[in-house]
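Asker: Quick check, what structure comes out for this input:
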Amino acid sequence: MMDQSLRTLFVAALPARGIPFTIPWIHTPSIPSVPKLFGELVLARGHGRYNRISRALGNVQLLILDDWGLEPLDSQARHDLLEILEERYGRRSTIITSQLPVEDWHAVIGDPTYADAILDRLVHNAHRLNLHGESMRKTRTKTAEKT
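Answerer: Here you go, the predicted structure:
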């Protein structure tokens, strides 16, 4: 599991390493958390922008889903995620950062049929990086306390 600060540094380093990414409806480089992303999709649906944003998420070269698993997915979020991943599968790259081990993702998704379909698209060709160690926030706090 990756610490939030380390995940953020890792993901933020991608453009510096020549790996371009954008979030289609945000004009500055940004990585929304998964709960924020699904909240944006709910708002987009209400404002008639859902299809455009969903298409854009499916087509962006690198989609980063940060803070995966902070809260269980509701039925609409499950459906949206499956649609996005189906559009991306085998064509585009997706990075997921999470504090949860992959074994616990099924429970976060909820519905067993959706969970199987989503995880099949995510885990099938995935490269996993499991980072271990103390939280960078804890390390920074200890360093600050010493000074």
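Asker: I'd like to know which helix or strand in this structure has the lowest mean pLDDT.
Answerer: helix 4-16 (a mean of 52; mean pLDDT, DSSP states H and E).
Asker: So which bits of the very next helix or strand once past that one are buried?
Answerer: Downstream of helix 4-16, the first helix or strand assigned by DSSP states H and E is helix 34-46. Buried residues in helix 34-46, counting neighbours by 16 or more other Cβ atoms under 10 Å, are found at 34, 35, 37, 38, 40, 41, 44. Where C-beta positions appear, they are placed from N, C-alpha and C, glycine not excepted.
Asker: Residues in contact with helix 34-46: which ones?
Answerer: Outside helix 34-46, the residues that touch it by Cβ atoms under 8 Å, 6 or more residues apart in numbering are 25, 32, 50, 52-54, 65-71, 73, 76-77, 80-81.
Asker: again, only using 6 Å
Answerer: Here helix 34-46 makes contact (Cβ atoms under 6 Å, 6 or more residues apart in numbering) with 50, 53, 65, 67, 68, 70, 71, 77, 80.
Asker: who does the following helix or strand past it touch, helix- and strand-wise?
Answerer: Using DSSP H and E, the helix or strand that follows helix 34-46 towards the C-terminus is helix 50-59. Applying 3 or more Cβ pairs under 6 Å, 6 or more residues apart in numbering; DSSP states H and E, we find helix 50-59 packed against helix 75-88.
Asker: Alpha carbons of the helix it packs on, as CSV, please.
Answerer: What follows is helix 75-88, C-alpha atoms only, in CSV (Å, rounded to 0.1, in the frame of the first residue of the first chain):
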residue,chain,number,x,y,z
SER,A,75,-24.8,1.7,-8.0
GLN,A,76,-24.3,4.7,-10.3
ALA,A,77,-20.6,4.9,-9.6
ARG,A,78,-20.2,1.2,-10.3
HIS,A,79,-22.0,1.6,-13.6
ASP,A,80,-20.0,4.7,-14.5
LEU,A,81,-16.7,3.0,-13.6
LEU,A,82,-17.5,0.0,-15.7
GLU,A,83,-18.4,2.1,-18.7
ILE,A,84,-15.2,4.1,-18.4
LEU,A,85,-13.0,1.1,-18.0
GLU,A,86,-14.7,-0.8,-20.8
GLU,A,87,-14.1,2.2,-23.1
ARG,A,88,-10.4,2.3,-22.1
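Asker: That concludes my questions; thank you for your assistance.
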